[in-house]
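Colleague: test case, fold it:
(one chain, ligands or ions: 1)
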Amino acid sequence: MRKIVINGGHKLSGIIPISGAKNSAVALLPASILCDEETTIYNVPDISDKNALIEILKLLKVEITQQDSEININPHNLENTVISEQYSTKLRASYYFMGALLGKEKSVTISFPGGCDIGQRKIDLHLKGFESLGATIKEINGEYHIEANELKGCDIYLDIASVGATINIMLASTKAKGITHIYNAAKEPEIVNVATFLNNMGAKVSGAGTSVITIEGVKYLHKAMIEVIPDRIEAGTYLILGAMLGENLTISNIIEEHLAALISKMKEMQIPLINKSNKIQISSSKNYKTINITTLPYPGFPTDLAQPMTVLLTQCQGISILDETLYTNRMGHIVYLKNMGAKITIKNQSAIIEGPTNLYGTTVKASDLRAGASLILAGLIAKGTTTILNIEHILRGYEKIIEKLQNVGADIKIIEE
Ligand code: EPU
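Modeller: Numbers count the residues shown, from 1 in each chain. Here you go, the predicted model:
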């Protein structure tokens, strides 16, 4: 079993470069099979979610060449094989093969996706979208058989501005006959990245990044390339850490606009930030003001940063309230933060955090990806040694997290027992 061991309290200085966005890369890889020629994706983060998707691409007999963070994908010999639960449950984003295979092959058989256990994560909106485009869906023992004689453009209104449903419908409709409108589409930057990739192939997608996306179906998609955008959640995690331990710590390769909600909250807390082009320098200070946060779809405060943020709020003077509105079970880290000395009460989906409190090292468990990241932050500010179990969750989504932290002065390592 692998564990992360941290000796806390070291100040951090130097540069943490941000990798490609997990939630873009995991959609771009499945999207690549829609292409009728080869594609190249640059700046792909080296995380285990990427490896799980490459396993699925190989199962489908897609040719893959990887060199560092560059992946070349050739779907010339694609075989539309069943994607069984052995493959689909390794990550959430396996569901993008639904839209990609349906769009390309007019049929797909795939089991329910996996991913972090952070509450009910339905895919009804994805499926309703496919049905509106003309597909029929049968679910037998958790396996979805989705097929269509022909996919026809239509108007689709999403009850929730779901990231996954927006991307999946975009993928399924790229080669459909006629025009599709997605109303109440999600606006996350990762959606724009996927739309750009499709357009680079010759697709006609407009409006990505707004709440109405229009897709005019095309017959053929040609050779193209795309660069994965910087990971705004990784950047946010390290900025939050910098507010607690930074000594001129620089977070580089960021798109500041994608971090606007976090930066605005940090300013409200009176955290000093120095913005330079594509980087932010941060140093820790004391007596930060308390704040209240409500998680919302982009451009609101991201749910994926709420867990790391709870650690910073334990260091503020007074009571902060964090309301999680997207997921019903995103407080898996709180019990461990309390074991480390934090004063936090949970009421429904809100965390009421009283600070400042010293944190003390102990043994904790990562219940999901962002919970794990927040425990790393807690371990880094804690007195003594913190041991984190279940670290596979963390390695799914943060590229080279141990090396990046060691490089700026953290005492952190992975041990195998
Ligand atoms: N929802 C439905 N029905 C659907 C789709 C979504 O009820 O058909 C609900 C979900 O249950 C959830 C809410 O809508 O309560 C938002 O879900 P959404 O579909 O937007 O999320 P997702 O596509 O499953 C992606 C990211 C998440 C991130 C959310 C929100 C990927 C692979 N995952 O999930 O990332 O939290 O968008 O920004 O892109 C993470 O990186 O830690 C992570 C969980």
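Colleague: what's next to stretch 253-262, contact-wise?
Modeller: 17-18, 189, 229-230, 232, 235-236, 239-240, 263, 275, 278-280, 299-302, 305 (CB atoms under 8 Å, 6 or more residues apart in numbering). From N, CA and C alone the C-beta is placed, and that goes for glycine too.
Colleague: and it, how far from the chain's centre?
Modeller: Centroid displacement of stretch 253-262 relative to its chain, using CA atoms, centre = their mean, to the nearest Å, is 15 Å.
Colleague: straight-line length of it, end to end?
Modeller: For stretch 253-262, the first-to-last residue distance is 16 Å (CA to CA, to the nearest Å).
Colleague: how about stretch 6-13?
Modeller: With CA to CA applied, stretch 6-13 spans 17 Å between its terminal residues.
Colleague: what does stretch 216-225 give?
Modeller: Here the two ends of stretch 216-225 are set 20 Å apart, with distance taken as CA to CA.
Colleague: can you list contacts of that stretch?
Modeller: With CB under 8 Å, 6+ apart, stretch 216-225 has contacts from 34-42, 151, 153, 173-180, 197-198, 200-204.
Colleague: can you give me the helices in the stretch 51-200 of the chain?
Modeller: Under the criterion DSSP state H, counting those that start in this stretch, helices of the stretch 51-200 of the chain are mapped to 85-88, 96-105, 124-132, 163-173, 189-200.
Colleague: which stretch among these comes nearest residue 65?
Modeller: For residue 65, the closest of these is helix 189-200, at 17.8 Å, according to CB to CB.
Colleague: for the closest one, which outside residues touch it?
Modeller: With CB under 8 Å, 6+ apart as the criterion, helix 189-200 contacts 21, 23-24, 27-28, 31-32, 34, 39, 41, 163, 166-167, 170-171, 174, 185, 205, 208-209, 213, 221, 224-226, 228-229, 232, 255, 258, 298.
Colleague: returning to that earlier point: pick the most buried one from the helices of the stretch 51-200 of the chain.
Modeller: With neighbours taken as mean count of other CB atoms under 10 Å, the helices of the stretch 51-200 of the chain reach their highest mean count in helix 163-173, at a mean of 28.
Colleague: now the angle from it to helix 96-105?
Modeller: Counting by axes from the mean of the first three to the mean of the last three CA atoms, to 10 degrees, helix 163-173 points 10 degrees away from the direction of helix 96-105.
Colleague: contacting residues for the residue lying closest to residue 59 once chain neighbours are set aside?
Modeller: Distances taken as CB to CB, 6 or more residues apart in numbering place residue 81 nearest to residue 59, at 5.7 Å, with adjacent residues excluded. Each residue near residue 81 by CB under 8 Å, 6+ apart is listed here: 59, 60, 61.
Colleague: how far away is the second one from residue 403?
Modeller: If you measure residue 60 against residue 403 using CB to CB, to the nearest Å, the figure is 32 Å.
Colleague: okay, these two: which has more neighbours?
Modeller: Shown here are residue 60 and residue 403; by other CB atoms under 10 Å, residue 60 has more neighbours (20 against 9).
Colleague: so the more buried one makes contact with residue 74?
Modeller: No: the pair residue 60 / residue 74 is not scored as a contact, 11.7 Å apart, by CB atoms under 8 Å.
Colleague: interface residues of the chain facing the ligand?
Modeller: 22-23, 26, 92-93, 116, 120-126, 160, 162-165, 186, 303-304, 326-327, 369-370, 397 (CB under 6 Å from any ligand atom).
Colleague: buried subset of the residues you listed?
Modeller: Buried by 16 or more other CB atoms under 10 Å: 22-23, 26, 92-93, 116, 121, 123, 125-126, 162-165, 186, 303-304, 326-327, 369-370, 397, out of these.
Colleague: got the contact list for the residue lying farthest from the centre of the chain?
Modeller: Each residue of the chain has a distance to the centre, and by CA atoms, centre = their mean the biggest one is for residue 149: 33.4 Å. Neighbouring residues of residue 149 by CB under 8 Å, 6+ apart: 106, 134.
Colleague: tell me the phi and psi of it?
Modeller: Backbone geometry at residue 149, expressed as degrees, to the nearest 10, gives phi -70, psi -40.
Colleague: how close does it sit to residue 172?
Modeller: 14 Å.
Colleague: same question, residue 186
Modeller: From residue 186 across to residue 172, the span is 16 Å (CB to CB).
Colleague: mind listing the strands for the stretch 201-350 of the chain?
Modeller: With DSSP state E, counting those that start in this stretch, the ranges of strands along the stretch 201-350 of the chain come out as 204-206, 212-216, 224-227, 246-252, 273-276, 279-282, 292-294, 318-323, 343-347, 350-355.
Colleague: reformat those as a markdown table; add mean pLDDT and mean neighbour count.
Modeller: Output for the strands of the stretch 201-350 of the chain, formatted as a markdown table (pLDDT from 0 to 100; neighbours: other CB atoms under 10 Å):
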| stretch | mean pLDDT | mean neighbour count |
| --- | --- | --- |
| strand 204-206 | 98 | 16 |
| strand 212-216 | 98 | 20 |
| strand 224-227 | 98 | 18 |
| strand 246-252 | 97 | 21 |
| strand 273-276 | 91 | 12 |
| strand 279-282 | 97 | 21 |
| strand 292-294 | 97 | 17 |
| strand 318-323 | 96 | 18 |
| strand 343-347 | 96 | 14 |
| strand 350-355 | 96 | 20 |
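Colleague: can you list the residues that contact the helix or strand of the chain with the lowest mean pLDDT?
Modeller: Within the chain, confidence by mean pLDDT, DSSP states H and E is lowest for strand 273-276 among all helices and strands, at a mean of 91. Contact partners of strand 273-276, identified using CB under 8 Å, 6+ apart, comprise 239, 256, 263, 266, 267, 280, 281, 282.
Colleague: run the last query once more with 7 Å
Modeller: Here strand 273-276 makes contact (CB atoms under 7 Å, 6 or more residues apart in numbering) with 256, 263, 266, 280, 281, 282.
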